[in-house]
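Q: here is my input, please return the structure:
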Amino acid sequence: MTASVPAQASRAAAPGSGRARWLGLLVVCLGVMMAFVDVTSTISALGDIQSDLHVTASTLVWITSAYSLAVVSFVMSAGTFGDLVGRRRVFSLGAAVFLAGSVVAVFADSAGMLITAQAIAGLGGSAVLPTSLAIVSATFTDPHERTAAIGIWAACSGVGLAIGPILAGALLEHFSWHAVYIANIVIAGMALLLAPVFVAESGHPTWDGVRRPGHRTSGRTTSPEQPVLIAEHHHQHRHRPRTEHRSNGRPDPRATP
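A: So this is what the prediction gives:
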């Protein structure tokens, strides 16, 4: 009895089980908020960026568009890549790339460097967004819990859009526009550090992370022996003599001797 208590505690703390599922949801929501905070916080800092870097209005458009363009260009490919190699792995990779882009933005001293930084961050955001939703769907198997978790995930995108201007306004009042991207580094760093602890790895239903023979598809568990058993059953059924009789007692003419 006493030996089972540590085992139960370890299972409850394992990623994807017990309360760890909801902590994992918090981590992926941090990633979603991170991806959307960058959009509105950068827009709020455009005035300070223009006055500091002395750029034209058309260049300002590229500073904000570079991020969105990178996201929409790679979001579908990143989702497929996550299904193939592991969603948590791609989520963490996206958070790391986003963090790297934010670091470049902090040290940017020209419009070209800032646009490049935004494109790098957008590449990371394109990996975070689809994999985070896929992680939520794979972690919460109960339909009611999954509906609630996806609702929280979707709400966090709106929270990120709303927090961006507030966060940027508070930072720009005391610091330069570079501080806006320092906040992105903090959020991305938290998501990157907490993901391996609380987020369970998942992938496509035909791939469980190590390509084991048994996998779960359509709610049924298959094994290496199952196709063989099915084939043997089909072979016996085809070559079994027909001994059925009609209901009137006469032999079936289709029956084989």
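Q: where does V55 fall, phi/psi-wise?
A: The phi/psi pair for V55 (degrees, to the nearest 10) reads phi -110, psi 160.
Q: my read is that it contacts I49, right?
A: Yes: using CB atoms under 8 Å, V55 is in contact with I49, at 7.2 Å. Using the backbone N, CA and C atoms, a C-beta is placed for each residue, glycine as well.
Q: poorly predicted segments of the stretch 151-257 of the chain, please.
A: 205-257 (pLDDT under 70).
Q: same thing but at 80, please
A: For the stretch 151-257 of the chain, the stretches with pLDDT under 80 are 203-257.
Q: can you pull out the strands in it?
A: 216-217, 220-221 (DSSP state E, counting those that start in this stretch).
Q: of all residues in this protein, which one is nearest the centre?
A: T131 (1.7 Å; CA atoms, centre = their mean).
Q: list the contacts for that one?
A: A78, G79, G82, R87, R88, V90, F91, G94 (CB atoms under 8 Å, 6 or more residues apart in numbering).
Q: same question, G79
A: P130, T131, A134.
Q: same list (those) but as TSV, adding secondary structure.
A: Shown next, in TSV, are those (DSSP: H, G, I helix; E, B strand; the rest coil):
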residue	secondary structure
P130	helix
T131	helix
A134	helix
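Q: nearest to F140, out of the residues you listed: which one, please.
A: A134 (11.7 Å; CB to CB).
Q: so that closest one makes contact with L84?
A: No: if you go by CB under 8 Å, A134 and L84 don't touch, sitting 11.8 Å apart.
Q: specify which residue of the two has the higher count of neighbours.
A: More neighbours surround A134 than the other of A134 and L84, with 21 against 11 (other CB atoms under 10 Å).
Q: so for V55 and I49, which residues contact both of them?
A: In contact with both V55 and I49: I63, using CB under 8 Å, 6+ apart.
Q: ok, these two, which is more surrounded?
A: I49 (22 against 19).
Q: helix or strand: which one has that one?
A: For I49, the host element (DSSP states H and E) is helix 46-53.
Q: average model confidence for that helix?
A: Helix 46-53 carries an average pLDDT of 93.
Q: how far off centre is that helix?
A: 34 Å (CA atoms, centre = their mean, to the nearest Å).
Q: and for it, what's in contact with it?
A: V55, A57, L60, I63, T64, D109, S110, A111, L114, L172, S176, W177.
Q: could you turn the buried ones of the residues you listed into a PyMOL selection?
A: To isolate in PyMOL the members of the contacts of helix 46-53 that are buried, counting by 16 or more other CB atoms under 10 Å, one can use:
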select buried, resi 55+60+63+64+111+114+172+177
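Q: just the contacts of helix 46-53 now: which is nearest S44?
A: Relative to S44, and with distances defined as CB to CB, the nearest of the contacts of helix 46-53 is L172, at 7.3 Å.
Q: on that earlier part again, and the next element down the chain from the helix holding I49?
A: Using DSSP H and E, the first helix or strand after helix 46-53 is helix 57-85.
Q: so which bits of that next one are buried?
A: So, applying 16+ other CB under 10 Å, buried residues of helix 57-85: 59-60, 62-64, 66-67, 70-71, 74-75, 78-79, 81-83.
Q: how far off helix 46-53 does it point, in degrees?
A: 110 degrees (axes from the mean of the first three to the mean of the last three CA atoms, to 10 degrees).
Q: now do the following helix or strand past helix 57-85: which elements does it pack against?
A: Using DSSP H and E, the helix or strand that follows helix 57-85 in sequence is helix 87-106. When contacts are defined as 3 or more CB pairs under 8 Å, 6 or more residues apart in numbering; DSSP states H and E, helix 87-106 sits against helix 20-44, helix 57-85, helix 111-139, helix 178-198.
Q: CA atoms only: put helix 87-106 into CSV for me.
A: Provided in CSV are the C-alpha atoms of helix 87-106 (Å, rounded to 0.1, in the frame of the first residue of the first chain):
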residue,chain,number,x,y,z
ARG,A,87,4.2,18.3,-31.5
ARG,A,88,5.9,19.3,-28.2
ARG,A,89,9.3,19.2,-30.0
VAL,A,90,8.1,21.5,-32.7
PHE,A,91,6.3,23.7,-30.1
SER,A,92,9.6,24.1,-28.2
LEU,A,93,11.5,24.7,-31.4
GLY,A,94,9.1,27.4,-32.3
ALA,A,95,9.4,29.1,-28.9
ALA,A,96,13.2,29.0,-29.2
VAL,A,97,13.1,30.5,-32.7
PHE,A,98,10.7,33.2,-31.5
LEU,A,99,13.0,34.0,-28.6
ALA,A,100,15.9,34.3,-31.0
GLY,A,101,14.0,36.7,-33.2
SER,A,102,13.1,38.8,-30.1
VAL,A,103,16.7,38.9,-29.1
VAL,A,104,17.7,40.2,-32.5
ALA,A,105,14.9,42.8,-32.2
VAL,A,106,16.3,44.0,-28.9
